[in-house]
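Peer 1: Pasting a predicted model and its sequence here:
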Amino acid sequence: MDYISIAEAAEKWGITRRRVQVLCAQDRIPGLTKFGKAWAIPRDAEKPADARKVKSKFLTY
């Protein structure tokens, strides 16, 4: 399996490196592996959905 770094994942997904680190720490990326202190993200991994966003059926604009 081919892996990419946190910096490469951040560029690919259009988010910050810190956000990718948080996703790794929360184990939200499928197939994630840790080699020593470095995270290895599968090249074909999809960006996880943002769990910080809340959808409410009661909000109306």
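Peer 2: Now that the structure is in, tell me what you want to look at. Residues are numbered from 1 along each chain as shown.

Peer 1: ranges for the strands of this structure?
Peer 2: Here the chain has its strands, by DSSP state E, at 3-4, 33-35, 38-42.

Peer 1: mind putting those strands in CSV, mean pLDDT, mean neighbour count and distance to C24 included?
Peer 2: No exception for glycine: its C-beta is placed from N, CA and C like everyone else's. Listed next are the strands of the chain as CSV, based on pLDDT from 0 to 100; neighbours: other CB atoms under 10 Å; distance: least, CB to CB, whole Å:
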stretch, mean pLDDT, mean neighbour count, distance to C24
strand 3-4, 95, 17, 12
strand 33-35, 92, 10, 8
strand 38-42, 95, 17, 5
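
Peer 1: Reformat those strands as CSV; add distance to A25.
Peer 2: As requested, the strands of the chain are exported to CSV (distance: least, CB to CB, whole Å):
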stretch, distance to A25
strand 3-4, 17
strand 33-35, 10
strand 38-42, 9
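
Peer 1: low-scoring pLDDT stretches of this structure, where are they?
Peer 2: Counting by pLDDT under 70, the chain shows low-confidence ranges at 53, 55-61.

Peer 1: residue ranges of the helices in it, please?
Peer 2: 6-13, 17-25 (DSSP state H).

Peer 1: any chance of the ones you listed in CSV, plus distance to K37 and mean neighbour count?
Peer 2: Formatted as CSV, the helices of the chain follow (distance: least, CB to CB, whole Å; neighbours: other CB atoms under 10 Å):
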stretch, distance to K37, mean neighbour count
helix 6-13, 11, 16
helix 17-25, 11, 16
